[in-house]
Structure formats: C-alpha cells, structure tokens
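Student: Predicted model and sequence follow; I will ask about them next.
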2 protein chains.
Amino acid sequence: MSKCEQCIIRKFNSLNVLKKEDLIEISNCKESQIVRKGEVIFEEGDALNGVYCVRDGVCKLSKLSVNGKEQILKLAFKGDLLGQRSLLGNERSNLKAMAVNDMQICFIPKKNVIDNLNKNATFSLDIMKQMAHDLKDADNSIVNMAQKTVKKRLADTLIYIYKNFGVDEDHNLKIVLSREDYANIVGTATESTIRIFSKFKKEGLIRISGKQIGIVDLDGLRNIE
Amino acid sequence: MSKCEQCIIRKFNSLNVLKKEDLIEISNCKESQIVRKGEVIFEEGDALNGVYCVRDGVCKLSKLSVNGKEQILKLAFKGDLLGQRSLLGNERSNLKAMAVNDMQICFIPKKNVIDNLNKNATFSLDIMKQMAHDLKDADNSIVNMAQKTVKKRLADTLIYIYKNFGVDEDHNLKIVLSREDYANIVGTATESTIRIFSKFKKEGLIRISGKQIGIVDLDGLRNIE
DNA sequence: TTTGAAATATGACAATTATCATGTTTTCGT
DNA sequence: ACGAAAACATGATAATTGTCATATTTCAAA
C-alpha cells in the first residue's frame, strides 16, 4: 500500500498543503481500493464516512432526475476528492459515483479530514478555494444548459474530454463513454446524441468506429453554433 | 450606522458563529449602503475587495452567456453573502449583482473575512458548509435545466418566489420581476415566458395584472409536467 | 398631460428536440 | 465461437421552443 506522503496525486488537490506528519497520520488510516469499470463507489443517498481521493481512472458523478433520467454532473479524475461536500454539510451524498474505467482510489476517514480542517487554516482555505472554483464551474454549466443548443453542448463535451483526458495510440478519445452517457451529460435523448454524432461524422468533424471516437476537426467543433 | 454584533441578519449566515469581539472589529470596518432598485452592486469582471452582506431587499446575480443573453443564477436576499467565492478564489467576480428592489447591504473588507477564516476554524467550517449547500443547489439547477421543460421550470420559479418572498397585501408575489427576468432565470425566450404565463392564467393557475402576479392554484402549478 | 420608450401580448412560422418504431451492430458471458 | 442482451442507428412524426413581425399596454420623464 502506497503512502500519502509519497503520493504525487496529492499535488493535484488540497492534501498538498498538509504537513508531512499529518499526511503520515492520514496514510495510516486510509484504505486504498481498486474499482473496476462499471462498479459503483457510492450511491445517491449513501452516508459517506469520509472522502475518496482519486489516484487513477475516471468516474462519473450523477443524479437521478424526477422523471427517472440520469444526469451526469461531473467526470472526476486524478486528484479529485469525492464526497467532501456531504462530509462538510453532514448530509448523505446527493450524487452517485460509478467508475467509467478501472480506478484506483483511497478512502480517507471523515475524522482525519475534519481534524485537519480544524487545525490547519491553510488546508481549509485551499478546500474553500477548490469549492469556489467548483461553484464557478457549476454556474457555467447552468448557463450552458440554459443557453446553448444540444449540438453545441455535445461538441463542447467532446472537446472537454479531448482536452482533459487526451487520446490513445489511434488518436481516439482515451475516455470511452456510451452515447447514453453523452446524452446524460448534456441532458438530451440518447437518439438525439446518436443523430448529432452521425451528423458530426458526415461533416468530417469526428471519426467514429463503434464506441471509439476521434476528433478530426477541432476548430470545426469549436465553431459549431 | 448599525452594529454587526447587534444585527439580527447575521443569524442567517456564517457571521453568526463569530465571537463578539470579532464582530465589533468587523463592525468598525464595514460600510453600510443603500442600493436602489435597478442599481448595480458589482459587475461581471469586477475585482471585489470584500464581501457584501445583504440586510434587506433582493438582488439578481447574473452572467452574460456567449450569445449575449443574460442568465440569472440566483436571487440573493437577507443574510446572503455576495462575493465570497471571488474572495476565496482570489479572482474577479464572474457574476453581476443588480438590485431587484431597494436594498440595504453592508460591505465587509476582505481583510476582516480572511483574518477570521485564518483564526476561526468554526467560521471556516460554517462557510464551507454553506458552500457545500450552494454546490448541491447548483447541481439541482443543472438537472432541472437539463431535464425539465420550460413550462415546468417557470412553474417552479413562481413557486420558489412565492415560498421564499411571500405575497403582498393583494396576495400578489412580493418580488416583482419582468417577464424578461423570468426568461433569464429559466433560460428561455421572453416571448415563450409571456406565452406560458398567459396559458397559466387561462388555466386558472395564476392571476396577472401588469407586472403583478398572484398564485391562484399552487397545487396546479406543482403538478405541471 | 403628453409622449415616447420599454414591456407585454399574440400570431405565424421555422428550427430544434423528443418520442416511438424498427432494424443493425457490437459486446459480453458461457 | 455462439447467442442473447445491450448499444447503436435511422426513419417518421409530434411536441416544444425560438424567431420575427406587429399590436397593445404600461410607465416614467419632459
């Protein structure tokens, strides 16, 4: 089992500001685990007794809407801390987390996090900074949902995945999502997603072979209205 | 000028957990101001050197989308702290704040807030709790935008305003917004909002006289699909 | 009080998106 | 490798929503 104080992933989140002794303390209490593609880390409504730190892999954070459709709110990856909100608000999780590919995550008990929040103002400020950033992102998502067409949102999503996760040796998007996942990210029907991807393909913007999607004309995608 | 330590508004936000001496310190530095209906408190892109605490009145927090339309993200009122995100993230405001009716607000300099965040873990935790709650709200907004029809979103908005701000002596909604404001809250065209309100009126769900809107059948509004 | 601008209202039409049906392809467990 | 289930694909059609045009009303400043 690797040690937090040696783990480079913490460079990507607020744990980076902790002192070595506190990291060692956390390291002794944490539990590393492997999560396979498709496995659920936690469900909407679960009581979380700590936070998960993503070391490797990607998961989707989603929420069921009243009409029974899943809405994907975020793709979490390397460095992301899952469940901090529920921990802070002392509430059950309002999101579900499911692995998109194989993952490595570490569970850090609530006590360790709260202790550090209580004694380390720098840590608290860094967490707040992160939350402020998340709130800004959320605002942008709301504006996009409200004002952009489905086509534009799908193009944006493809670009987002390209930028954040890159491509494999065949130049296809490294993160492979189903058309339904894409639909659940932008909030549309699966058929609409399929149709629009077909259109993108016909227009030479993307390349499709099964679930593999490659971006052919990035600027073309960017310029979609 | 009233004193923070005697101000009951702080009961509604994180300032409530501060010690009396710190409140007095803040009170000595704060600046109370009156903002008239339609006046702008800060613009998108402004550098804020503190936070505004809303004592009375309501303001809309909005953001311009790429296509030039305004998106209203929140109606802030009694107890809300404006600008804490920008302060924490050390960024310029990504929102604009404009008074919906006459307001009383207090400006608290950045230094006072940061000082208390540094020395008072309870305060920090309370702020984080508030932010966690805001993030949850934001998630719900995204789901609603993505999954609900314009009609449903407008009905929800009317109910929200009814629940949070109540009615005047004529039983009309106390907060008066233009049809354009409603459109900018739910993310639709002004004409669509006007049309749907007209429909609500015909169906006996609401009452309209000019800008005054009254809710006639709350359950009817709730049950809209 | 007048008047002109802004807000509200409504029709006609177009564009977008959802829904349902049905067929094809891919994936995955045995 | 095989068969079933899931995912993908596409057509037809309906519902929703946006856009443009044009009245009408409201409201505030001169």
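Tutor: Yes, it's here. Numbers count the residues shown, from 1 in each chain, chains lettered A, B, ... in the order given.
Student: Give me the helices and strands touching the top helix by length along chain A, please.
Tutor: In chain A, taking DSSP state H as the definition, the longest helix is helix A:121-147. Packing partners of helix A:121-147 (3 or more CB pairs under 8 Å, 6 or more residues apart in numbering or on different chains; DSSP states H and E): helix A:84-89, helix A:110-119, helix A:150-165, strand B:59-64, strand B:70-76, helix B:84-89, helix B:110-119, helix B:121-147. Where you see a C-beta, it was placed from the backbone N, CA and C, and this is true even at glycine.
Student: List, one by one, the residues from chain A near DNA strand C.
Tutor: Counting by CB under 7 Å from any atom of the strand, the residues of chain A close to DNA strand C are A:T149, A:V150, A:K151, A:G187, A:T188, A:A189, A:E191, A:S192, A:G210, A:K211.
Student: Of those residues, which are in range of DNA strand D?
Tutor: For DNA strand D, the contacts drawn from the residues of chain A next to DNA strand C by CB under 7 Å from any atom of the strand are A:E191, A:G210, A:K211.
Student: Show me the contact partners of stretch A:63-76.
Tutor: Stretch A:63-76 is contacted by residues A:44, A:54, A:58-62, A:82, A:94-97, A:100, A:141, A:161, A:164, A:175, A:181, A:184-185, A:187, B:139-140, B:142-144, B:146-148 when judged by CB atoms under 8 Å, 6 or more residues apart in numbering or on different chains.
Student: Show me which of these are buried.
Tutor: By neighbour count, with 16 or more other CB atoms under 10 Å in any protein chain shown, these hold A:54, A:58-62, A:82, A:94-97, A:100, A:141, A:161, A:175, A:181, A:184-185, A:187, B:139, B:142-144, B:146-148 as buried.
Student: Could you pull up the residues touching the nearest residue to A:S192 once chain neighbours are set aside?
Tutor: Ranked by CB to CB, 6 or more residues apart in numbering or on different chains and with sequence neighbours excluded, the top spatial neighbour of A:S192 is A:V150, at 5.9 Å. By CB under 8 Å, 6+ apart, the residues touching A:V150 are A:V186, A:G187, A:T188, A:S192, A:T193, A:I196.
Student: Dump these into a markdown table; add secondary structure and distance to B:L18 as well.
Tutor: Below are the contacts of A:V150 laid out as a markdown table (DSSP: H, G, I helix; E, B strand; the rest coil; distance: CB to CB, whole Å):
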| residue | secondary structure | distance to B:L18 |
| --- | --- | --- |
| A:V186 | helix | 43 |
| A:G187 | coil | 41 |
| A:T188 | coil | 46 |
| A:S192 | helix | 51 |
| A:T193 | helix | 50 |
| A:I196 | helix | 52 |
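Student: May I ask which two of those are separated the most?
Tutor: Pairwise distances across the contacts of A:V150 (CB to CB) peak at 13.2 Å, for the pair A:G187 and A:I196.
Student: What backbone torsions are found at A:D46?
Tutor: Main-chain torsions, A:D46, degrees, to the nearest 10: phi -70, psi 140.
Student: make that A:E191, sorry
Tutor: Torsion angles, degrees, to the nearest 10, at A:E191: phi -60, psi -40.
Student: Pull the number of nearby residues for it.
Tutor: Neighbour count of A:E191, defined by other CB atoms under 10 Å in any protein chain shown: 10.
Student: if I look at it, how far off is A:G220?
Tutor: Separation of A:E191 from A:G220 (CB to CB, to the nearest Å): 23 Å.
Student: Mean confidence (pLDDT) on the longest helix of chain A, please.
Tutor: Helix A:121-147 comes out with an average pLDDT of 96.
Student: from the middle of its chain, how far away would it be?
Tutor: 14 Å (CA atoms, centre = their mean, to the nearest Å).
Student: Give me the residues contacting stretch A:36-47.
Tutor: By CB under 8 Å, 6+ apart, stretch A:36-47 touches A:35, A:48, A:52, A:59, A:63-64, A:82-83, A:86, A:92-103, A:105.
Student: swap the cut-off to 7 Å and go again
Tutor: Defining contact as CB atoms under 7 Å, 6 or more residues apart in numbering or on different chains, one finds that stretch A:36-47 is touched by A:35, A:48, A:52, A:59, A:63-64, A:82, A:92-102, A:105.
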